[in-house]
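> heads up, no residue letters with this:
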């Protein structure tokens, strides 16, 4: 199935791309493909379909109701990996 991914990065820049995947493709594999296309690390990504975040990485895309021609939103999470602040005195 062909899915369109609308991507919003942390800096609010936007990218749209399409991916051809099988319906039984698991979410974690889809995240990896999105990382290759968008540059957003999979660990920092949130994928949303029909206003619902997709969270179970081992479920297939079809099990979420995705079908050919659908659009998903890929968002880069805010503060996904906060860095410790260093104080210099």
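Nice, thanks for sending it over. Keep in mind that what you see is a predicted model, and the values were worked out from it rather than measured.

> end-to-end on stretch 25-44?
Across stretch 25-44, the terminal residues are separated by 20 Å (C-alpha to C-alpha, to the nearest Å).

> so what pairs up with the nearest residue to residue 66 once chain neighbours are set aside in the strands?
Closest residue to residue 66 apart from its sequence neighbours, by C-beta to C-beta, 6 or more residues apart in numbering: residue 49 at 6.0 Å. Quick note: C-beta positions are derived from backbone N, CA and C, even for glycine. Counting by DSSP bridges, residue 49 forms beta bridges with residue 52.

> okay, now residue 49: neighbour count?
Counted by other C-beta atoms under 10 Å, the residues lying close to residue 49 total 16.

> do a quick rundown of the strands in the chain.
2-8, 14-20, 45-49, 52-54, 71-76 (DSSP state E).

> show the pLDDT at residue 26.
The predicted local distance difference test score for residue 26 is 97.

> next, the contact list for the residue nearest to residue 66, please.
By C-beta atoms under 8 Å, 6 or more residues apart in numbering, the contact set of residue 49 is 64, 65, 66, 70, 72, 73.

> hang on, isn't residue 16 packed against residue 3?
No - between residue 16 and residue 3 there is no contact under C-beta atoms under 8 Å: 11.2 Å.

> export the contacts of residue 49 to JSON lines and tack on neighbour count?
JSON lines is the format used below for these (neighbours: other C-beta atoms under 10 Å):
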{"residue": "64", "neighbour count": "19"}
{"residue": "65", "neighbour count": "10"}
{"residue": "66", "neighbour count": "23"}
{"residue": "70", "neighbour count": "15"}
{"residue": "72", "neighbour count": "20"}
{"residue": "73", "neighbour count": "15"}
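
> tell me the one of those residues nearest residue 23?
residue 66 (7.4 Å; C-beta to C-beta).
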